[in-house]
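# What follows is a predicted protein model with its sequence.
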Amino acid sequence: MVKFLPLKEAVAENLHDGETVAFEGFTHLIPTAAAHEAIRQGFRDLTLIRMTPDLIYDQMIGMGMARKVVFSYVGNPGVGLLRRARDAIENGFPRAVEVEEHSHAGMANAYEAGAAGLPCAVFRGYRGAGLASVNPNIKSVTCPFTGEVLAAVPAIRPDVTFIHAQKADRKGNVLVEGIIGIQKEAVLAAKRAVVTVEEVVDNFDLHPNLTVLPSWTIAAISIVPGGSHPSYTHGYYERDNAAYLEWDEIAADRDRFQVWIQKNVIESSAEDFAGRVEHLRKAA
Amino acid sequence: MSDVGFTPNEMMTIAASRALKSDDVCFVGIGAPSAACNVARLTHAPDITLIYESGTIGTAPDVLPLSIGDGELCETAVTTVAVPEMFRYWLQGGRISIGFLGAAQLDKFGNINTTVVGDYAHPKTRLPGGGGAPEIATSSRQVYITMAQSKRGMVEKIDFFTSFGHGDGGDHRQRLGIDTAGPTLLITDLAIWKPDPVTKEFTVVSLHPGVTRTQVQETCGWVVKFAEALDETPTPTELELKTLRDLQARTKAAHQGTAKGKAA
(Lines give C-alpha, C1' and ligand atoms only; values in the text may rest on other atoms or scores of the structure.)
Protein backbone atom coordinates (compact mmCIF):
# COMPACT_ATOMS: atom_id res chain seq x y z
CA MET A 1 0.00 0.00 0.00
CA VAL A 2 1.31 3.44 -0.87
CA LYS A 3 2.60 5.53 2.03
CA PHE A 4 2.80 9.30 2.22
CA LEU A 5 6.22 9.95 3.77
CA PRO A 6 8.65 12.80 4.24
CA LEU A 7 11.21 12.51 1.42
CA LYS A 8 14.01 11.60 3.83
CA GLU A 9 12.11 8.53 5.01
CA ALA A 10 10.84 7.59 1.55
CA VAL A 11 14.42 7.49 0.23
CA ALA A 12 15.82 5.69 3.29
CA GLU A 13 13.12 2.99 3.11
CA ASN A 14 13.41 2.35 -0.61
CA LEU A 15 17.02 2.80 -1.71
CA HIS A 16 20.04 0.83 -0.52
CA ASP A 17 23.75 0.62 -1.31
CA GLY A 18 24.56 -1.44 -4.39
CA GLU A 19 21.08 -1.25 -5.91
CA THR A 20 20.00 -0.48 -9.45
CA VAL A 21 18.05 2.74 -9.49
CA ALA A 22 16.37 4.93 -12.12
CA PHE A 23 15.60 8.60 -11.46
CA GLU A 24 13.57 9.31 -14.61
CA GLY A 25 12.00 12.33 -16.26
CA PHE A 26 12.74 13.26 -19.87
CA THR A 27 14.02 16.86 -19.50
CA HIS A 28 10.67 17.59 -17.80
CA LEU A 29 9.83 16.38 -14.24
CA ILE A 30 13.36 15.35 -13.30
CA PRO A 31 13.27 14.19 -9.65
CA THR A 32 16.03 16.47 -8.42
CA ALA A 33 14.87 16.64 -4.79
CA ALA A 34 14.90 12.85 -4.52
CA ALA A 35 18.37 12.68 -6.08
CA HIS A 36 19.65 15.30 -3.63
CA GLU A 37 18.19 13.33 -0.72
CA ALA A 38 20.07 10.27 -2.02
CA ILE A 39 23.26 12.35 -2.09
CA ARG A 40 22.68 13.48 1.51
CA GLN A 41 22.19 9.87 2.62
CA GLY A 42 25.46 8.98 0.91
CA PHE A 43 24.61 5.77 -0.95
CA ARG A 44 27.47 3.88 -2.61
CA ASP A 45 27.98 1.47 -5.50
CA LEU A 46 24.73 2.32 -7.24
CA THR A 47 23.92 1.38 -10.80
CA LEU A 48 22.31 4.55 -12.12
CA ILE A 49 19.89 4.27 -15.05
CA ARG A 50 18.62 7.34 -16.90
CA MET A 51 18.10 8.10 -20.57
CA THR A 52 19.61 11.56 -20.14
CA PRO A 53 21.78 11.62 -16.99
CA ASP A 54 21.31 15.41 -16.78
CA LEU A 55 22.56 17.40 -13.80
CA ILE A 56 21.39 14.92 -11.15
CA TYR A 57 23.61 12.07 -12.31
CA ASP A 58 26.47 14.49 -12.97
CA GLN A 59 26.13 15.34 -9.28
CA MET A 60 25.80 11.75 -8.06
CA ILE A 61 28.68 10.56 -10.25
CA GLY A 62 30.74 13.54 -9.05
CA MET A 63 30.07 12.46 -5.46
CA GLY A 64 31.39 8.98 -6.21
CA MET A 65 28.04 7.21 -5.67
CA ALA A 66 27.91 5.32 -8.97
CA ARG A 67 29.54 2.00 -9.81
CA LYS A 68 27.89 1.91 -13.19
CA VAL A 69 25.78 4.23 -15.32
CA VAL A 70 23.32 3.18 -18.03
CA PHE A 71 22.31 5.99 -20.39
CA SER A 72 21.58 7.16 -23.93
CA TYR A 73 22.65 10.83 -23.84
CA VAL A 74 25.27 12.02 -21.35
CA GLY A 75 25.01 15.73 -22.13
CA ASN A 76 23.67 18.91 -20.58
CA PRO A 77 20.68 19.39 -22.94
CA GLY A 78 21.22 22.40 -25.18
CA VAL A 79 24.35 23.45 -23.30
CA GLY A 80 27.03 20.82 -23.89
CA LEU A 81 28.80 18.21 -21.84
CA LEU A 82 28.32 16.83 -18.35
CA ARG A 83 31.70 17.61 -16.86
CA ARG A 84 31.61 15.48 -13.69
CA ALA A 85 30.51 12.45 -15.72
CA ARG A 86 33.27 13.21 -18.20
CA ASP A 87 35.85 13.40 -15.43
CA ALA A 88 34.75 9.98 -14.16
CA ILE A 89 34.74 8.36 -17.61
CA GLU A 90 37.94 9.99 -18.89
CA ASN A 91 40.00 10.14 -15.68
CA GLY A 92 38.34 7.78 -13.21
CA PHE A 93 37.72 10.72 -10.86
CA PRO A 94 36.52 10.46 -8.12
CA ARG A 95 36.15 6.79 -9.06
CA ALA A 96 36.06 4.81 -12.27
CA VAL A 97 32.54 4.23 -13.51
CA GLU A 98 31.38 1.43 -15.77
CA VAL A 99 29.39 2.61 -18.78
CA GLU A 100 26.51 0.88 -20.58
CA GLU A 101 25.45 3.10 -23.45
CA HIS A 102 22.35 2.85 -25.61
CA SER A 103 20.35 5.01 -28.00
CA HIS A 104 17.12 6.67 -26.85
CA ALA A 105 15.15 4.14 -28.88
CA GLY A 106 17.05 1.31 -27.21
CA MET A 107 16.38 2.56 -23.68
CA ALA A 108 12.77 3.51 -24.34
CA ASN A 109 12.13 0.04 -25.70
CA ALA A 110 13.99 -1.56 -22.79
CA TYR A 111 11.90 0.31 -20.20
CA GLU A 112 8.73 -0.63 -22.05
CA ALA A 113 9.81 -4.28 -22.04
CA GLY A 114 10.46 -4.00 -18.30
CA ALA A 115 6.98 -2.59 -17.74
CA ALA A 116 5.51 -5.32 -19.94
CA GLY A 117 7.26 -8.08 -18.01
CA LEU A 118 9.24 -9.19 -21.04
CA PRO A 119 12.88 -10.34 -20.81
CA CYS A 120 13.97 -8.18 -23.73
CA ALA A 121 12.89 -5.58 -26.24
CA VAL A 122 12.94 -6.10 -29.99
CA PHE A 123 13.03 -3.17 -32.36
CA ARG A 124 14.52 -1.85 -35.60
CA GLY A 125 17.60 -0.09 -34.31
CA TYR A 126 21.38 0.33 -34.06
CA ARG A 127 21.76 -0.42 -37.78
CA GLY A 128 25.32 0.51 -38.72
CA ALA A 129 25.79 2.12 -35.30
CA GLY A 130 29.08 1.77 -33.41
CA LEU A 131 27.31 1.19 -30.09
CA ALA A 132 26.36 -2.31 -31.17
CA SER A 133 30.05 -3.27 -31.22
CA VAL A 134 31.01 -1.73 -27.84
CA ASN A 135 27.94 -2.68 -25.79
CA PRO A 136 27.58 -6.48 -25.35
CA ASN A 137 23.96 -5.96 -24.29
CA ILE A 138 23.04 -4.95 -27.82
CA LYS A 139 22.30 -8.13 -29.74
CA SER A 140 20.07 -9.13 -32.63
CA VAL A 141 17.21 -11.54 -33.29
CA THR A 142 15.74 -12.71 -36.55
CA CYS A 143 12.02 -12.23 -37.03
CA PRO A 144 10.51 -15.74 -37.32
CA PHE A 145 7.90 -14.47 -39.77
CA THR A 146 9.81 -12.22 -42.16
CA GLY A 147 13.47 -13.05 -41.57
CA GLU A 148 14.28 -9.40 -40.79
CA VAL A 149 17.21 -8.99 -38.41
CA LEU A 150 16.17 -6.75 -35.50
CA ALA A 151 17.98 -5.30 -32.50
CA ALA A 152 17.41 -6.81 -29.06
CA VAL A 153 18.30 -5.31 -25.68
CA PRO A 154 17.55 -6.68 -22.23
CA ALA A 155 14.57 -5.24 -20.37
CA ILE A 156 15.33 -2.58 -17.77
CA ARG A 157 14.18 -3.73 -14.32
CA PRO A 158 15.34 -1.25 -11.65
CA ASP A 159 15.18 -2.14 -7.98
CA VAL A 160 13.63 1.25 -7.47
CA THR A 161 12.47 4.11 -9.70
CA PHE A 162 12.09 7.71 -8.56
CA ILE A 163 9.95 10.14 -10.53
CA HIS A 164 8.47 13.60 -9.96
CA ALA A 165 4.84 14.31 -10.93
CA GLN A 166 2.31 17.12 -10.75
CA LYS A 167 -0.05 15.77 -8.13
CA ALA A 168 -1.41 12.90 -6.14
CA ASP A 169 -4.93 12.51 -4.83
CA ARG A 170 -5.56 11.62 -1.19
CA LYS A 171 -5.65 7.91 -2.01
CA GLY A 172 -2.19 8.11 -3.57
CA ASN A 173 -3.04 7.91 -7.26
CA VAL A 174 -0.55 10.01 -9.25
CA LEU A 175 -1.17 12.24 -12.27
CA VAL A 176 1.58 12.99 -14.81
CA GLU A 177 1.01 15.64 -17.49
CA GLY A 178 2.92 17.39 -20.28
CA ILE A 179 6.05 15.74 -21.63
CA ILE A 180 5.37 12.39 -19.97
CA GLY A 181 8.65 10.94 -21.21
CA ILE A 182 9.34 7.53 -19.79
CA GLN A 183 7.73 8.09 -16.34
CA LYS A 184 5.02 5.45 -16.57
CA GLU A 185 7.27 2.76 -18.03
CA ALA A 186 10.03 3.46 -15.50
CA VAL A 187 7.59 3.10 -12.59
CA LEU A 188 5.97 -0.08 -13.90
CA ALA A 189 9.36 -1.64 -14.77
CA ALA A 190 10.68 -1.21 -11.22
CA LYS A 191 10.23 -3.39 -8.14
CA ARG A 192 9.43 -0.26 -6.12
CA ALA A 193 8.58 3.30 -7.08
CA VAL A 194 8.83 6.53 -5.15
CA VAL A 195 7.08 9.65 -6.43
CA THR A 196 7.59 13.25 -5.37
CA VAL A 197 4.65 15.54 -6.19
CA GLU A 198 3.97 19.25 -6.24
CA GLU A 199 0.75 18.88 -4.26
CA VAL A 200 -1.97 16.56 -3.02
CA VAL A 201 -5.55 17.27 -4.11
CA ASP A 202 -8.93 15.80 -3.11
CA ASN A 203 -9.54 14.36 -6.57
CA PHE A 204 -8.31 14.91 -10.14
CA ASP A 205 -11.68 15.51 -11.83
CA LEU A 206 -10.17 15.18 -15.32
CA HIS A 207 -10.90 13.37 -18.54
CA PRO A 208 -10.33 9.61 -18.50
CA ASN A 209 -7.26 9.17 -20.72
CA LEU A 210 -4.65 11.10 -18.81
CA THR A 211 -1.55 9.40 -17.50
CA VAL A 212 -2.45 8.22 -14.04
CA LEU A 213 -0.41 5.77 -12.01
CA PRO A 214 -2.74 3.93 -9.62
CA SER A 215 -1.76 4.09 -5.94
CA TRP A 216 -0.97 0.39 -5.79
CA THR A 217 1.87 0.78 -8.33
CA ILE A 218 3.71 3.13 -5.96
CA ALA A 219 5.53 2.44 -2.69
CA ALA A 220 5.82 5.98 -1.34
CA ILE A 221 4.77 9.54 -2.17
CA SER A 222 6.49 12.65 -0.83
CA ILE A 223 5.14 16.16 -1.22
CA VAL A 224 7.99 18.35 -2.46
CA PRO A 225 6.89 21.60 -4.13
CA GLY A 226 9.54 22.66 -6.64
CA GLY A 227 11.06 19.18 -6.40
CA SER A 228 12.17 18.99 -10.03
CA HIS A 229 14.10 22.29 -10.15
CA PRO A 230 16.07 23.22 -12.29
CA SER A 231 13.99 20.94 -14.50
CA TYR A 232 10.34 21.95 -14.53
CA THR A 233 6.80 20.90 -13.76
CA HIS A 234 4.31 21.66 -16.52
CA GLY A 235 1.54 23.85 -15.13
CA TYR A 236 3.58 24.88 -12.06
CA TYR A 237 6.91 26.44 -13.03
CA GLU A 238 9.24 26.79 -16.00
CA ARG A 239 12.56 25.15 -16.73
CA ASP A 240 15.41 27.14 -15.18
CA ASN A 241 17.47 27.35 -18.36
CA ALA A 242 19.84 29.84 -16.71
CA ALA A 243 20.68 27.24 -14.04
CA TYR A 244 21.53 24.71 -16.75
CA LEU A 245 23.86 27.24 -18.34
CA GLU A 246 25.44 28.03 -14.96
CA TRP A 247 25.93 24.33 -14.17
CA ASP A 248 28.38 24.11 -17.07
CA GLU A 249 30.75 26.41 -15.15
CA ILE A 250 30.17 24.89 -11.71
CA ALA A 251 30.80 21.34 -12.88
CA ALA A 252 33.91 22.31 -14.85
CA ASP A 253 35.91 22.67 -11.64
CA ARG A 254 36.26 19.88 -9.05
CA ASP A 255 36.53 22.26 -6.08
CA ARG A 256 33.75 24.57 -7.17
CA PHE A 257 31.55 21.51 -7.62
CA GLN A 258 32.19 20.39 -4.02
CA VAL A 259 31.45 23.86 -2.66
CA TRP A 260 28.19 23.94 -4.63
CA ILE A 261 27.12 20.47 -3.40
CA GLN A 262 27.96 21.36 0.21
CA LYS A 263 25.85 24.51 0.12
CA ASN A 264 22.96 23.43 -2.13
CA VAL A 265 22.61 19.76 -1.25
CA ILE A 266 24.34 18.72 1.98
CA GLU A 267 23.35 21.79 3.98
CA SER A 268 19.92 22.04 2.32
CA SER A 269 16.73 20.01 2.53
CA ALA A 270 13.72 19.08 0.44
CA GLU A 271 11.89 22.11 1.85
CA ASP A 272 14.33 24.45 0.07
CA PHE A 273 13.05 23.53 -3.41
CA ALA A 274 9.86 25.61 -3.16
CA GLY A 275 11.90 28.80 -2.83
CA ARG A 276 14.08 27.90 -5.83
CA VAL A 277 11.13 27.98 -8.24
CA GLU A 278 9.36 31.10 -6.96
CA HIS A 279 10.73 33.25 -9.77
CA LEU A 280 9.83 30.57 -12.34
CA ARG A 281 6.16 30.31 -11.56
CA LYS A 282 4.04 31.82 -14.29
CA ALA A 283 1.58 34.52 -13.37
CA ALA A 284 -1.80 32.80 -13.27
CA MET B 1 28.73 40.90 -39.33
CA SER B 2 30.41 40.71 -42.69
CA ASP B 3 29.97 43.49 -45.25
CA VAL B 4 27.52 41.37 -47.27
CA GLY B 5 24.89 42.06 -44.60
CA PHE B 6 24.64 38.58 -43.09
CA THR B 7 26.93 36.16 -41.27
CA PRO B 8 28.01 32.72 -42.56
CA ASN B 9 25.95 31.15 -39.76
CA GLU B 10 22.85 33.07 -40.80
CA MET B 11 23.38 31.95 -44.38
CA MET B 12 23.71 28.35 -43.17
CA THR B 13 20.50 28.44 -41.15
CA ILE B 14 18.54 30.12 -43.93
CA ALA B 15 19.87 27.79 -46.64
CA ALA B 16 18.90 24.85 -44.43
CA SER B 17 15.43 26.27 -43.82
CA ARG B 18 14.81 26.53 -47.57
CA ALA B 19 15.25 22.76 -47.95
CA LEU B 20 12.14 22.11 -45.84
CA LYS B 21 8.60 22.03 -47.22
CA SER B 22 5.17 22.53 -45.68
CA ASP B 23 4.26 18.85 -46.10
CA ASP B 24 7.44 17.60 -44.40
CA VAL B 25 7.32 15.77 -41.10
CA CYS B 26 10.66 16.70 -39.61
CA PHE B 27 12.38 15.12 -36.60
CA VAL B 28 14.38 18.06 -35.28
CA GLY B 29 17.81 17.88 -33.68
CA ILE B 30 18.68 20.62 -31.21
CA GLY B 31 20.94 23.58 -32.13
CA ALA B 32 21.39 24.59 -35.77
CA PRO B 33 18.68 22.20 -37.09
CA SER B 34 16.14 23.61 -34.63
CA ALA B 35 16.76 27.18 -35.79
CA ALA B 36 16.49 26.20 -39.47
CA CYS B 37 13.29 24.23 -38.97
CA ASN B 38 11.59 27.08 -37.16
CA VAL B 39 12.68 29.68 -39.73
CA ALA B 40 11.11 27.43 -42.37
CA ARG B 41 7.91 27.24 -40.33
CA LEU B 42 7.82 31.03 -39.90
CA THR B 43 8.47 31.78 -43.59
CA HIS B 44 7.68 29.50 -46.52
CA ALA B 45 6.58 26.28 -44.77
CA PRO B 46 3.90 27.27 -42.26
CA ASP B 47 2.31 23.82 -42.16
CA ILE B 48 5.49 21.82 -41.56
CA THR B 49 5.19 19.26 -38.77
CA LEU B 50 8.10 19.64 -36.35
CA ILE B 51 8.75 16.77 -33.98
CA TYR B 52 11.22 16.79 -31.09
CA GLU B 53 12.33 13.57 -29.43
CA SER B 54 10.64 14.51 -26.14
CA GLY B 55 7.41 13.39 -27.80
CA THR B 56 6.08 16.75 -28.96
CA ILE B 57 4.41 16.39 -32.38
CA GLY B 58 3.49 19.40 -34.51
CA THR B 59 5.10 21.95 -32.22
CA ALA B 60 5.33 25.68 -32.99
CA PRO B 61 7.58 27.34 -30.40
CA ASP B 62 7.74 31.13 -30.24
CA VAL B 63 11.35 30.90 -29.01
CA LEU B 64 13.94 28.25 -29.78
CA PRO B 65 14.07 25.65 -27.02
CA LEU B 66 17.33 25.28 -25.09
CA SER B 67 16.63 21.58 -24.64
CA ILE B 68 14.55 19.12 -26.66
CA GLY B 69 12.07 19.06 -23.81
CA ASP B 70 11.36 22.71 -22.99
CA GLY B 71 7.78 23.40 -21.86
CA GLU B 72 7.17 25.69 -24.85
CA LEU B 73 7.37 22.67 -27.17
CA CYS B 74 4.63 20.81 -25.32
CA GLU B 75 2.41 23.87 -24.90
CA THR B 76 2.38 24.57 -28.64
CA ALA B 77 2.23 20.96 -29.90
CA VAL B 78 -0.69 19.26 -31.60
CA THR B 79 -0.09 16.33 -29.25
CA THR B 80 2.59 15.10 -26.87
CA VAL B 81 3.27 11.38 -26.68
CA ALA B 82 5.43 9.20 -24.43
CA VAL B 83 9.03 8.62 -25.48
CA PRO B 84 8.56 4.91 -26.32
CA GLU B 85 5.63 5.82 -28.56
CA MET B 86 7.71 8.57 -30.19
CA PHE B 87 10.42 6.15 -31.20
CA ARG B 88 8.24 3.11 -31.95
CA TYR B 89 5.13 4.41 -33.70
CA TRP B 90 6.31 7.67 -35.21
CA LEU B 91 10.00 7.18 -36.06
CA GLN B 92 10.30 3.40 -36.46
CA GLY B 93 6.81 3.36 -38.00
CA GLY B 94 8.18 5.29 -40.97
CA ARG B 95 6.22 8.51 -40.44
CA ILE B 96 9.20 10.92 -40.50
CA SER B 97 10.12 12.39 -43.89
CA ILE B 98 13.21 14.34 -42.76
CA GLY B 99 15.56 13.65 -39.87
CA PHE B 100 17.51 16.87 -39.30
CA LEU B 101 20.79 16.34 -37.47
CA GLY B 102 23.81 18.35 -36.36
CA ALA B 103 27.23 16.76 -35.94
CA ALA B 104 30.37 17.09 -33.85
CA GLN B 105 32.37 15.03 -36.35
CA LEU B 106 31.29 14.20 -39.89
CA ASP B 107 32.92 12.27 -42.71
CA LYS B 108 32.42 12.63 -46.45
CA PHE B 109 29.83 9.83 -46.51
CA GLY B 110 27.59 11.53 -43.96
CA ASN B 111 28.50 9.29 -41.05
CA ILE B 112 28.25 11.22 -37.78
CA ASN B 113 30.16 11.00 -34.50
CA THR B 114 28.81 12.66 -31.37
CA THR B 115 30.07 9.98 -28.97
CA VAL B 116 33.82 10.16 -28.30
CA VAL B 117 37.02 11.70 -29.54
CA GLY B 118 39.68 8.99 -29.35
CA ASP B 119 39.17 5.40 -28.27
CA TYR B 120 35.70 4.44 -26.97
CA ALA B 121 36.96 2.65 -23.85
CA HIS B 122 39.52 5.35 -23.02
CA PRO B 123 38.23 8.49 -24.69
CA LYS B 124 40.24 11.67 -25.03
CA THR B 125 36.95 13.55 -24.94
CA ARG B 126 33.68 11.99 -23.91
CA LEU B 127 30.93 13.70 -25.94
CA PRO B 128 27.20 13.41 -25.07
CA GLY B 129 26.52 10.42 -27.35
CA GLY B 130 23.75 9.60 -29.76
CA GLY B 131 20.46 10.20 -27.97
CA GLY B 132 17.88 9.67 -30.68
CA ALA B 133 20.29 10.01 -33.61
CA PRO B 134 21.21 6.36 -34.37
CA GLU B 135 17.60 5.52 -35.23
CA ILE B 136 16.74 8.95 -36.67
CA ALA B 137 19.56 8.37 -39.18
CA THR B 138 18.18 5.04 -40.35
CA SER B 139 14.39 5.28 -39.88
CA SER B 140 13.74 8.78 -41.31
CA ARG B 141 13.07 8.62 -45.03
CA GLN B 142 15.87 11.15 -45.64
CA VAL B 143 18.48 12.84 -43.44
CA TYR B 144 19.61 16.45 -43.67
CA ILE B 145 22.76 17.50 -41.82
CA THR B 146 23.85 21.00 -40.91
CA MET B 147 27.10 22.12 -39.28
CA ALA B 148 29.69 24.89 -39.47
CA GLN B 149 32.81 23.82 -41.35
CA SER B 150 36.10 23.13 -39.56
CA LYS B 151 38.97 20.70 -40.02
CA ARG B 152 38.22 19.28 -36.57
CA GLY B 153 34.59 18.70 -37.45
CA MET B 154 34.80 17.51 -41.04
CA VAL B 155 37.30 14.68 -41.00
CA GLU B 156 38.56 11.93 -43.28
CA LYS B 157 37.78 9.30 -40.65
CA ILE B 158 35.43 9.71 -37.70
CA ASP B 159 36.39 8.20 -34.34
CA PHE B 160 33.03 6.53 -33.73
CA PHE B 161 29.96 5.68 -35.84
CA THR B 162 27.26 7.24 -33.67
CA SER B 163 24.84 7.35 -36.56
CA PHE B 164 25.25 5.65 -39.89
CA GLY B 165 25.19 7.70 -43.08
CA HIS B 166 26.40 5.98 -46.22
CA GLY B 167 29.09 3.97 -44.38
CA ASP B 168 31.93 3.34 -46.81
CA GLY B 169 29.82 4.80 -49.62
CA GLY B 170 28.07 3.21 -52.58
CA ASP B 171 25.37 0.72 -51.62
CA HIS B 172 26.57 0.21 -48.04
CA ARG B 173 23.15 1.08 -46.58
CA GLN B 174 21.37 -1.46 -48.76
CA ARG B 175 23.94 -4.10 -47.84
CA LEU B 176 22.98 -3.59 -44.17
CA GLY B 177 19.29 -3.90 -45.02
CA ILE B 178 18.59 -0.19 -44.48
CA ASP B 179 15.95 0.88 -47.01
CA THR B 180 15.83 4.63 -46.25
CA ALA B 181 17.76 7.19 -48.32
CA GLY B 182 20.11 8.39 -45.54
CA PRO B 183 21.91 11.74 -45.80
CA THR B 184 20.76 13.54 -48.94
CA LEU B 185 21.77 17.08 -48.02
CA LEU B 186 24.53 18.80 -46.07
CA ILE B 187 24.31 22.52 -45.41
CA THR B 188 27.37 24.22 -43.96
CA ASP B 189 28.19 27.86 -43.31
CA LEU B 190 29.99 27.95 -46.67
CA ALA B 191 28.18 25.65 -49.07
CA ILE B 192 25.41 23.22 -49.94
CA TRP B 193 26.51 19.63 -50.52
CA LYS B 194 24.72 16.61 -51.98
CA PRO B 195 25.89 13.00 -52.17
CA ASP B 196 27.22 11.73 -55.50
CA PRO B 197 24.50 9.45 -56.94
CA VAL B 198 26.88 6.50 -57.20
CA THR B 199 29.70 6.88 -54.65
CA LYS B 200 27.51 8.78 -52.11
CA GLU B 201 30.41 11.09 -51.32
CA PHE B 202 29.22 14.58 -50.39
CA THR B 203 29.89 16.96 -53.27
CA VAL B 204 29.61 20.74 -53.17
CA VAL B 205 26.73 21.80 -55.44
CA SER B 206 26.36 25.43 -54.37
CA LEU B 207 28.68 28.00 -52.81
CA HIS B 208 27.19 30.63 -50.52
CA PRO B 209 27.60 34.23 -51.81
CA GLY B 210 31.22 35.42 -51.66
CA VAL B 211 32.61 32.00 -50.68
CA THR B 212 35.52 30.52 -52.68
CA ARG B 213 36.44 26.90 -53.38
CA THR B 214 39.66 27.49 -51.44
CA GLN B 215 37.75 28.51 -48.33
CA VAL B 216 35.64 25.37 -48.49
CA GLN B 217 38.74 23.18 -48.85
CA GLU B 218 40.68 24.97 -46.12
CA THR B 219 37.96 24.22 -43.56
CA CYS B 220 37.40 20.61 -44.54
CA GLY B 221 39.50 17.60 -43.55
CA TRP B 222 38.97 15.61 -46.74
CA VAL B 223 39.74 16.46 -50.37
CA VAL B 224 36.59 18.27 -51.49
CA LYS B 225 34.78 17.36 -54.70
CA PHE B 226 32.91 20.13 -56.49
CA ALA B 227 30.06 19.66 -58.93
CA GLU B 228 30.81 20.65 -62.50
CA ALA B 229 27.86 23.04 -62.60
CA LEU B 230 28.42 24.90 -59.36
CA ASP B 231 25.59 27.17 -58.23
CA GLU B 232 25.64 30.21 -55.98
CA THR B 233 23.24 30.00 -53.04
CA PRO B 234 20.71 32.84 -53.28
CA THR B 235 21.37 35.63 -50.77
CA PRO B 236 19.07 35.65 -47.72
CA THR B 237 15.96 37.73 -48.28
CA GLU B 238 15.02 40.51 -45.89
CA LEU B 239 12.13 38.41 -44.59
CA GLU B 240 14.37 35.40 -43.95
CA LEU B 241 16.96 37.48 -42.11
CA LYS B 242 14.40 39.35 -40.05
CA THR B 243 12.61 36.12 -39.13
CA LEU B 244 15.84 34.47 -38.00
CA ARG B 245 17.13 37.49 -36.06
CA ASP B 246 13.81 38.09 -34.33
CA LEU B 247 13.65 34.42 -33.38
CA GLN B 248 17.17 34.55 -31.95
CA ALA B 249 16.50 37.76 -30.06
CA ARG B 250 13.33 36.30 -28.49
CA THR B 251 15.25 33.14 -27.63
CA LYS B 252 18.11 35.01 -25.97
CA ALA B 253 15.73 37.11 -23.89
CA ALA B 254 13.72 34.06 -22.85
CA HIS B 255 16.69 31.95 -21.75
CA GLN B 256 18.25 34.76 -19.76
CA GLY B 257 14.85 35.66 -18.36
CA THR B 258 14.84 32.69 -15.99
CA ALA B 259 17.93 33.98 -14.19
CA LYS B 260 17.20 34.99 -10.61
CA GLY B 261 16.61 38.69 -10.08
CA LYS B 262 15.41 39.18 -13.62
CA ALA B 263 11.82 39.47 -14.62
CA ALA B 264 10.36 36.08 -15.43
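Sure thing, it's come through.
# how about the nearest residue to B:S139 once chain neighbours are set aside, what does it touch?
Setting aside the residues directly before and after it, B:S139 is nearest to B:L91 in space (CB to CB, 6 or more residues apart in numbering or on different chains), at 4.9 Å. Quick note: C-beta positions are derived from backbone N, CA and C, even for glycine. B:L91 is in contact with A:A105, B:F27, B:G132, B:E135, B:I136, B:S139, B:S140, counting by CB atoms under 8 Å, 6 or more residues apart in numbering or on different chains.
# Can you verify B:L91 is assigned to a strand?
No - assigned with DSSP: H, G, I helix; E, B strand; the rest coil, B:L91 falls outside any strand and is helix.
# max-length helix in chain B?
Counting residues, the longest helix in chain B under DSSP state H turns out to be helix B:238-257.
# Quick check: which helices or strands does it pack against?
Counting contacts by 3 or more CB pairs under 8 Å, 6 or more residues apart in numbering or on different chains; DSSP states H and E, helix B:238-257 is packed against helix A:241-250, helix B:8-18, helix B:32-42.
# A:H229 belongs to a strand, doesn't it?
No - assessed with three-state DSSP, A:H229 is coil; it does not lie in a strand.
# Verify the contact between B:K151 and B:C220 for me.
Yes - here B:K151 reaches B:C220: they are 6.9 Å apart, a contact under CB atoms under 8 Å.
# per-residue confidence at the residue in the stretch 151-284 of chain A that chain B sits nearest to?
Distance from chain B to each residue of the stretch 151-284 of chain A (CB to the nearest CB) is smallest for A:A242, at 3.8 Å. Listed pLDDT for A:A242 reads 91.
# what's the answer for B:A259, then?
54.
# rewinding a little: save the helices and strands packed on helix B:238-257 as TSV, and put in mean neighbour count too.
Formatted as TSV, the helices and strands packed on helix B:238-257 follow (neighbours: other CB atoms under 10 Å in any protein chain shown):
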stretch	mean neighbour count
helix A:241-250	19
helix B:8-18	23
helix B:32-42	25
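# can you give me the strands in the stretch 1-150 of chain B?
B:25-28, B:49-52, B:56-57, B:79-80, B:98-101, B:105-106, B:112-113, B:116-118, B:123-126, B:142-146 (DSSP state E, counting those that start in this stretch).
# can you put those in TSV and add mean neighbour count and mean pLDDT?
Listed next are those as TSV, based on neighbours: other CB atoms under 10 Å in any protein chain shown; pLDDT from 0 to 100:
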stretch	mean neighbour count	mean pLDDT
strand B:25-28	24	97
strand B:49-52	26	96
strand B:56-57	24	96
strand B:79-80	18	96
strand B:98-101	28	97
strand B:105-106	26	97
strand B:112-113	25	97
strand B:116-118	18	94
strand B:123-126	16	93
strand B:142-146	24	98
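# Check what pLDDT B:A254 gets.
83.
# and the residue nearest to it when sequence neighbours are not counted, how many residues sit next to it?
For B:A254, ignoring the flanking residues on the chain, the nearest one in space by CB to CB, 6+ apart is B:V63 at 4.3 Å. Residues near B:V63, counting by other CB atoms under 10 Å in any protein chain shown, number 18.
# B:V63 reaches B:E75, doesn't it?
No - contact criterion CB under 8 Å: B:V63 and B:E75 do not qualify, at 11.5 Å.
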